[in-house]
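>>> test case, fold it:
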Amino acid sequence: MDAERLRRKRQLAASLRIFHRLGFAEGAGGHVTARDPEHPSRFWVNALGRSFATARVRDLLLVDADGEVLAGEGRVNPAGFAIHSRLHRARPDVVAAAHAHSVHGVAWSTLGRPLDPISQDACAFHHDHAVFDQYTGVVLDPAEGDRIAACLGGRKAVVLRNHGLLTVGGSVAEAAWWFVSMDRCCRVQLLAEAAGTPVPIDEPAAVATARVMGTPGMGVLNFKPLYAEVVHREPDLLD
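Numbers count the residues shown, from 1 in each chain. Sure thing, here's the model as predicted:
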């Protein structure tokens with residue numbers, strides 16, 4: 001359990017550093033969580049107001065189902081708790097969830113539309129993401145977290161209208177990669193539609209491609225080089 005806990009925490013801290021490098025940080029907004037392997041009702045998360053750029057393993061908070069901090073120093077983002085606590089409760093298969101206010105993800109969310117299968121990478125999300133088509137303000141009510149979890153269902157991602165993207169996975173690596181990839185797919189579609197009318201991949205080919213590009217193993221594989229690079233350049237994140 002200790003080894004698995006450390007692995008999840010290291011990947012979580014690395015994900016925050018990667019999100020900073022990719023420009024996903026937006027002030028105090030954004031949160032990545034990892035379910036504790038020994039106590040499934042608890043999860044690790046970045047502290048409110050701590051920069052993604054300096055995230056370390058020792059800075060992570062362990063939070064229980066009531067929002068109480070059991071380990072680490074700092075406060076929990078109230079919106080992050082309202083969303084993630086309900087996601088982890090609704091989806092026992094989810095080990096990690098990621099949400100940040102990335103520029104292209106937020107821009108795409110204002111359209112209130114799912115991504116189209118216009119590229120090989122976008123096919124990873126084909127029939128595997130939803131649109132939470134309502135915005136009532138900052139998510140502080142756990143009931144809103146329940147509604148987001150219900151909209152997500154068994155999928156890997158959800159577009160939160162007028163808010164941004166949220167991704168989940170059976171590992172921290174998977175959830176983090178799906179967020180990185182989904183944001184890039186949003187950017188590609190925004191650029192493509194600005195230039196003209198994108199040609200979608202036909203349904204049979206899109207479904208076949210999703211079976212390759214959208215698997216948990218593919219998510220983990222694509223995260224590996226990002227993790228290796230950030231640990232090589234910023235080994236202090238493992239402290």
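
>>> excluding its backbone neighbours, what's nearest V231?
Spatially, and ignoring its direct neighbours in sequence, V231 is nearest to A14 (6.2 Å; CB to CB, 6 or more residues apart in numbering). Using the backbone N, CA and C atoms, a C-beta is placed for each residue, glycine as well.

>>> burial count for that neighbour?
26 (other CB atoms under 10 Å).

>>> for my notes, confirm it occurs in a helix.
Yes - according to DSSP: H, G, I helix; E, B strand; the rest coil, A14 belongs to a helix.

>>> most distant residue from the centre of the chain?
In the chain, counting by CA atoms, centre = their mean, G196 sits farthest out from the average C-alpha position, at 29.6 Å.

>>> got the phi and psi for that one?
phi 170, psi -150 (degrees, to the nearest 10).

>>> buried sites along the longest helix seen in the chain?
For the chain, the helix with the greatest residue count under DSSP state H is helix 172-195. By 16 or more other CB atoms under 10 Å, the buried positions in helix 172-195 come out as 172-189.

>>> just give me how far it sits from the chain centre.
12 Å (CA atoms, centre = their mean, to the nearest Å).

>>> need the pLDDT of the residue sitting nearest the centre point of the chain.
Geometric centre of the chain, nearest residue: A98, 2.2 Å, by CA atoms, centre = their mean. Predicted confidence (pLDDT) for A98: 98.

>>> what helix or strand is it located in?
Secondary structure assignment for A98, by DSSP states H and E: strand 96-100.

>>> packing partners of that strand?
helix 2-21, strand 31-35, helix 78-90, strand 164-169, helix 172-195 (3 or more CB pairs under 8 Å, 6 or more residues apart in numbering; DSSP states H and E).
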